[in-house]
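Participant: Provide a 3D model corresponding to the input given below.
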Amino acid sequence: MIHESYTIYAKLERLIDEWCERRCLKPLFYILRDYPLCSELVHGWVALLESLLEIRSFCNHELTLRERELLLEIIESMRRKIHE
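Facilitator: Numbers count the residues shown, from 1 in each chain. Reported below is the predicted structural model:
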């Protein structure tokens, strides 16, 4: 759904802005490999989801509680989108 894509983008941009402000470079390294999407096809979304899962696994200790919550929200939204 298009609306869900915009919601995901808005949340991602909020996270990226927060990481930039805090100079939280490791999560930015992972996310900027696949965002913004070059393709709206499923493989683009899957690559982005994999980046977010890597952030959750490798950078979780660097994130604030709110960032971790937002990251999990985005991951769940993306899983639904991929499997729609």
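Participant: so Leu70 versus Ile16, what's the distance?
Facilitator: In this view, Leu70 and Ile16 are 11 Å apart by CB to CB, to the nearest Å. From N, CA and C alone the C-beta is placed, and that goes for glycine too.
Participant: do Glu40 as well
Facilitator: 19 Å.
Participant: now the helices for the chain?
Facilitator: Taking DSSP state H, the helices of the chain run over residues 2-22, 25-31, 42-58, 65-82.
Participant: make JSON lines from the ones you listed and add mean pLDDT and mean neighbour count to it.
Facilitator: Compiled in JSON lines, the helices of the chain are given as follows (pLDDT from 0 to 100; neighbours: other CB atoms under 10 Å):
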{"stretch": "helix 2-22", "mean pLDDT": "93", "mean neighbour count": "14"}
{"stretch": "helix 25-31", "mean pLDDT": "97", "mean neighbour count": "18"}
{"stretch": "helix 42-58", "mean pLDDT": "95", "mean neighbour count": "16"}
{"stretch": "helix 65-82", "mean pLDDT": "96", "mean neighbour count": "15"}
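Participant: give the contact list for Leu71.
Facilitator: Shown in contact with Leu71 (CB atoms under 8 Å, 6 or more residues apart in numbering): Leu15, Leu52, Ile55, Arg56, Leu63.
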